[in-house]
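**Q** Test case, fold it:
(one chain, ligands or ions: 1)
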Amino acid sequence: MFGRVAPVEMEIGVGKGRFLLAAAAGHPDRNWFGLEIEAEYVQIVRLRAERARLLNLRVERIDGKAFVERRLSAGCLAGLHVYFPDPWPKKRHHKRRLVDPAWAGAAARALAPGGTLRLASDHEEYFSLIDGVLSKEPLLEKLCPEEAGDWSTGTSYELKYLKTGRPIHRIVLRRL
Ligand SMILES: C[S@@+](CC[C@H](N)C(=O)[O-])C[C@H]1O[C@@H](n2cnc3c(N)ncnc32)[C@H](O)[C@@H]1O
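**A** All right, here's what the predicted structure looks like:
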């Protein structure tokens with residue numbers, strides 16, 4: 001896909017691509033692969049990547065749940081990023097949520113040893129479920145705040161929530 005061999009980091013739910021575009025520009029030694037289900041956002045990110053001449057960025061209209069669970073080979077990712085996944089607050093919609101134990105196991109297997117999964121959410125209830133599910137995944141080790149360091153996603157949602165003072169929850173896990 002990228003025409004070269006380099007570590008691949010993947011983001012699920014790129015939106016308009018603020019994180020992915022900055023990551024690809026800041027880390028030209030890595031390949032950055034974005035998944036997004038909204039076709040319009042895929043087009044926007046492609047256009048911006050082209051304008052910025054980012055040859056190490058690809059984005060596809062792909063569902064990040066099925067893709068992680070069914071299509072990734074073991075250890076193929078150097079990093080996985082999920083920022084502000086849709087919380088689907090209504091109980092009858094919870095099955096649409098991205099993170100559950102099956103997804104967590106598949107995501108952990110797709111990461112290369114030492115690779116990290118980073119996730120951020122403003123939704124307290126969904127984040128607490130995510131935290132529980134990911135912390136229980138035996139192939140992942142949760143990093144303590146000192147080890148994870150001070151980081152932010154730089155996404156549009158994060159900027160929007162920071163302006164309104166809404167708390168943002170973050171988690172970083174390392175593949176054992
Ligand atoms: C709340 S927005 C966050 C966008 C961006 N990450 C940010 O922080 O600004 C969630 C995004 O994930 C996309 N999305 C939702 N479910 C998805 C899935 N299963 N696979 C890929 N993208 C998905 C939505 O279309 C939307 O663009």
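**Q** can we go C-alpha only for contacts and neighbour counts from here?
**A** Noted.
**Q** Next, the buried residues of the lengthiest strand in the chain.
**A** If you go by DSSP state E, the chain has its longest strand at strand 111-121. Neighbour-count burial for strand 111-121 flags 111-113, 115-121 (criterion: 16 or more other Cα atoms under 10 Å).
**Q** Quick check: mean pLDDT of that strand?
**A** Taken as a whole, strand 111-121 has a mean pLDDT of 98.
**Q** Indicate each strand paired with that strand and its parallel or antiparallel sense.
**A** strand 77-83 (parallel), strand 169-175 (antiparallel) (DSSP bridges).
**Q** which of the residues in the last one are buried?
**A** Residues of strand 169-175 classed as buried under the neighbour-count rule (16+ other Cα under 10 Å) are 170-175.
**Q** need the contact list for the closest residue in space to residue 17 that isn't next to it in sequence.
**A** Nearest residue to residue 17, sequence neighbours excluded (Cα to Cα, 6 or more residues apart in numbering): residue 45, at 5.5 Å. When contacts are counted by Cα atoms under 8 Å, 6 or more residues apart in numbering, residue 45 touches 16-17, 21, 59.
**Q** Let me know the helix or strand that residue 45 is in.
**A** Element membership of residue 45 [criterion: DSSP states H and E] is helix 39-51.
**Q** mind checking how far that helix is from the chain centre?
**A** From the chain centre to the centre of helix 39-51 is a distance of 18 Å (Cα atoms, centre = their mean, to the nearest Å).
**Q** and that helix, anywhere near the ligand?
**A** No: Helix 39-51 lies out of reach of the ligand by Cα under 6 Å from any ligand atom, never closer than 7.0 Å.
**Q** Pull the CA coordinates from that helix and hand them back as PDB.
**A** In PDB, the C-alpha atoms belonging to helix 39-51 read as follows (Å, rounded to 0.1, in the frame of the first residue of the first chain):
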ATOM      1  CA  ALA A  39     -16.900   8.700   2.900                       C
ATOM      2  CA  GLU A  40     -16.900  12.500   3.000                       C
ATOM      3  CA  TYR A  41     -14.200  12.500   5.700                       C
ATOM      4  CA  VAL A  42     -12.100  10.000   3.800                       C
ATOM      5  CA  GLN A  43     -12.200  12.400   0.800                       C
ATOM      6  CA  ILE A  44     -11.300  15.400   3.000                       C
ATOM      7  CA  VAL A  45      -8.300  13.600   4.600                       C
ATOM      8  CA  ARG A  46      -7.100  12.400   1.200                       C
ATOM      9  CA  LEU A  47      -7.200  15.900  -0.200                       C
ATOM     10  CA  ARG A  48      -5.300  17.400   2.800                       C
ATOM     11  CA  ALA A  49      -2.700  14.600   2.600                       C
ATOM     12  CA  GLU A  50      -2.200  15.200  -1.100                       C
ATOM     13  CA  ARG A  51      -1.900  19.000  -0.500                       C
END
